[in-house]
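Novice: coordinates for the following, if possible.
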Amino acid sequence: MSLFELRDVTVRFGGIVALSEVSLSVEPGQVHGVIGPNGAGKTTLFNVACGFVQPAHGTVLRNGRELGRLRPHHLPRLGMARTLQGLGLFERMSVLENVMVGADRFARTGFWSALFGLPRSARDDRALAERSMAALDRLGAAKYAELPAGGLPYPLRKRVALARALVAEPELLLLDEPASGLSAHEMDELGEVITELSGDTAVLLVEHHMDIVMSVCDMITVLDFGKVIAHGTPDEVRDDPAVLAAYLGEDTEEATSDADGDATDEPATARREAEHA
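Specialist: Modelled structure (predicted):
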């Protein structure tokens, strides 16, 4: 039984089909990457997995059970956590307080206990803070715990957002473009973190940086114009003609060149025109 599955998912925005009968599954302990050219439907797929977008057709399943109308606030109780491109940190709160927000599912006291500062609320806060510090330490960010999140450099803020997701101890971690805005060295570090995390949690990774996808993923699903055009291991996907055609904008099997080495560029031109339409 798959840990998480999208089955024949179709999403429409007005007359535009963003996803067409897309299926994928994530197995326990697996890093599953989703890639594709701009406009391929990667973000829409991620939003379906998070509950931000409801499919017109198809099903979302967790441990083989259909989730129905999945919503973002359902994720913690389903053992799922996510990060977003926009990070979504509370910039005036400390790094530690931001991560504690993600640990809320472990809270044992309610609103009134916290409001009146009852002893059991203080004990609960200490327990959540300890969990949060452990998550920050795991990502090498514990020393920034007391600083305002908004004053940190972007790469460190990304670590804080990841720590906030990890502190919930998810079985499935959803990562949306985690390498965006990072240097080559920082992407290498991120790759090491994701590989290490896969020992505890499965990962669904939506990313456009091919180097990190090929280095950390066990399986890859490739989208183009809202459809799955390839699925397999990094080695299988890397040389797939359909994938090469999608990224290079030409039919790799039929492209020909003359004696001067010039090749037709009409398919590439057509793709550019379609993307800017």
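
Novice: just checking, residue 6 touches residue 22?
Specialist: Yes: in terms of Cβ atoms under 8 Å, residue 6 counts as a neighbour of residue 22; the distance is 6.2 Å. All C-beta atoms are positioned from the backbone trio N, CA, C, and that covers glycine.

Novice: name the residues contacting each of those two.
Specialist: 45, 58 (Cβ atoms under 8 Å, 6 or more residues apart in numbering).

Novice: give me the domain ranges for the protein.
Specialist: Annotated domains of the chain cover 1-79+170-238, 89-168 [automatic domain parsing].

Novice: could you find the closest non-adjacent residue to residue 12?
Specialist: Distances taken as Cβ to Cβ, 6 or more residues apart in numbering place residue 56 nearest to residue 12, at 5.1 Å, with adjacent residues excluded.

Novice: run a quick neighbour tally on that neighbour.
Specialist: When neighbours are counted by other Cβ atoms under 10 Å, residue 56 registers 13.

Novice: what does residue 91 give?
Specialist: Residues lying near residue 91 (other Cβ under 10 Å) number 12.

Novice: same check, this time on the one 4 residues further on
Specialist: Residue 95 has 29 neighbouring residues, counting by other Cβ under 10 Å.

Novice: then the one 4 residues further on?
Specialist: With neighbours defined by other Cβ under 10 Å, the count for residue 99 comes to 32.

Novice: over to residue 216?
Specialist: Residues lying near residue 216 (other Cβ under 10 Å) number 21.

Novice: again with residue 46
Specialist: For residue 46, the count of nearby residues is 22 (other Cβ under 10 Å).

Novice: wait, is it part of a helix?
Specialist: Yes: membership of residue 46 in a helix is supported by DSSP: H, G, I helix; E, B strand; the rest coil.

Novice: for residue 217, see how far away residue 211 is.
Specialist: The gap separating residue 211 from residue 217 is 11 Å, by Cβ to Cβ, to the nearest Å.
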